[in-house]
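Asker: One predicted model, sequence on top.
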Amino acid sequence: NAGVMQNPRHLVRRRGQEARLRCSPMKGHSHVYWYRQLPEEGLKFMVYLQKENIIDESGMPKERFSAEFPKEGPSILRIQQVVRGDSAAYFCASSQDRNEKLFFGSGTQLSVL
Amino acid sequence: AQTVTQSQPEMSVQEAETVTLSCTYDTSESDYYLFWYKQPPSRQMILVIRQEAYKQQNATENRFSVNFQKAAKSFSLKISDSQLGDAAMYFCAYGDNFGNEKLTFGTGTRLTIIP
């Protein structure tokens, strides 16, 4: 059973470009969470999705950031018009249910030049 | 809002010895979850141990155990018989009773194992 798959592992963007981060949850998991880790800090919650629904996006910046988890395919975290402050590691996690064990991917390191 | 504090940015221990990592948290809830995650250089977050607040018994997983002091809001991790593979960042995290979606993480403790 493959774990949570995130790609790309590293992503370099210039200021003003768009970044798309992909996450395929573990098989059988319908709950997906995105977290962001700034250098030397712990992870910060961004958004929680179930298939086709955003359940909680209270940790997402109001502008430029969006997330989706379509019926088919991976969950996507999209950052438009990236700025240097968006440079961070973005982690996806999945679980079978809300209170079930959470499994993390290896993250996508976004670097904005 | 919940907060999680890890007051030891770095710790080191001799191989085969025991080390304890500290974590305190603040919450007004009575039911919640506490976690320790390990982040090796590969960057993947690996769950080490999970504790449910309503359970008085301290959780254990092989060489890893916790000392959960609910009244003191303390949740320390003890690693026995330390191994080179234990070298990593360790994060303490708090989760409310409703689920995983808003885990609050501490800033981490970098553990070095001395051969």
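Answerer: Looks like it arrived, so ask away. Residues are numbered from 1 along each chain as shown, chains lettered A, B, ... in the order given.
Asker: which residues does the residue nearest to residue A:71 when sequence neighbours are not counted contact?
Answerer: Using Cβ to Cβ, 6 or more residues apart in numbering or on different chains and skipping residues adjacent in sequence, the residue nearest residue A:71 is residue A:52, 5.4 Å away. All C-beta atoms are positioned from the backbone trio N, CA, C, and that covers glycine. Listed by Cβ atoms under 8 Å, 6 or more residues apart in numbering or on different chains, the contact partners of residue A:52 are A:69-71.
Asker: Can you get me a residue count around the closest residue to residue A:18 other than its chain neighbours?
Answerer: Nearest non-adjacent residue to residue A:18, counting by Cβ to Cβ, 6+ apart: residue A:80, 5.2 Å away. Per other Cβ atoms under 10 Å in any protein chain shown, the neighbour tally for residue A:80 reads 13.
Asker: which ones are touching residue A:80?
Answerer: Here residue A:80 is in contact with A:18, A:64-66 (Cβ under 8 Å, 6+ apart).
Asker: Output the contacts of residue A:52 in a markdown table; the columns should cover neighbour count.
Answerer: Formatted as a markdown table, the contacts of residue A:52 follow (neighbours: other Cβ atoms under 10 Å in any protein chain shown):
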| residue | neighbour count |
| --- | --- |
| A:69 | 25 |
| A:70 | 11 |
| A:71 | 6 |
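Asker: want to throw these into JSON lines with pLDDT, secondary structure and distance to residue B:95?
Answerer: Formatted as JSON lines, these follow (pLDDT from 0 to 100; DSSP: H, G, I helix; E, B strand; the rest coil; distance: Cβ to Cβ, whole Å):
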{"residue": "A:69", "pLDDT": "95", "secondary structure": "coil", "distance to residue B:95": "20"}
{"residue": "A:70", "pLDDT": "92", "secondary structure": "coil", "distance to residue B:95": "27"}
{"residue": "A:71", "pLDDT": "89", "secondary structure": "coil", "distance to residue B:95": "27"}
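Asker: Now flag whichever of those residues is closest to residue B:39.
Answerer: Closest approach to residue B:39 among the contacts of residue A:52 (Cβ to Cβ): residue A:69, at 24.4 Å.
Asker: which SS state does the residue nearest in space to the middle of chain B fall under?
Answerer: The residue lying closest to the centre of chain B (Cα atoms, centre = their mean) is residue B:36, at 3.1 Å. What DSSP: H, G, I helix; E, B strand; the rest coil gives for residue B:36 is strand.
Asker: Kindly report the residues of chain B close to chain A.
Answerer: Residues of chain B lying close to chain A (Cβ under 8 Å from any Cβ of the partner chain) are B:4, B:37, B:42-47, B:50, B:91, B:93, B:98-108.
Asker: Just confirm residue A:103 contacts residue A:24, I think it does.
Answerer: No. Under the criterion of Cβ atoms under 8 Å, residue A:103 is not in contact with residue A:24, lying 11.7 Å apart.
Asker: Mutual contacts of the two, please.
Answerer: Contact criterion Cβ under 8 Å, 6+ apart; residues shared by residue A:103 and residue A:24: residue A:4.
Asker: picking that back up, go ahead and build a PyMOL selection from the buried members of the residues of chain B next to chain A.
Answerer: Per 16 or more other Cβ atoms under 10 Å in any protein chain shown, the buried members of the residues of chain B next to chain A correspond to this PyMOL selection:
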select buried, chain B and resi 4+37+43+44+45+47+50+91+93+99+100+101+102+103+104+105+106+108
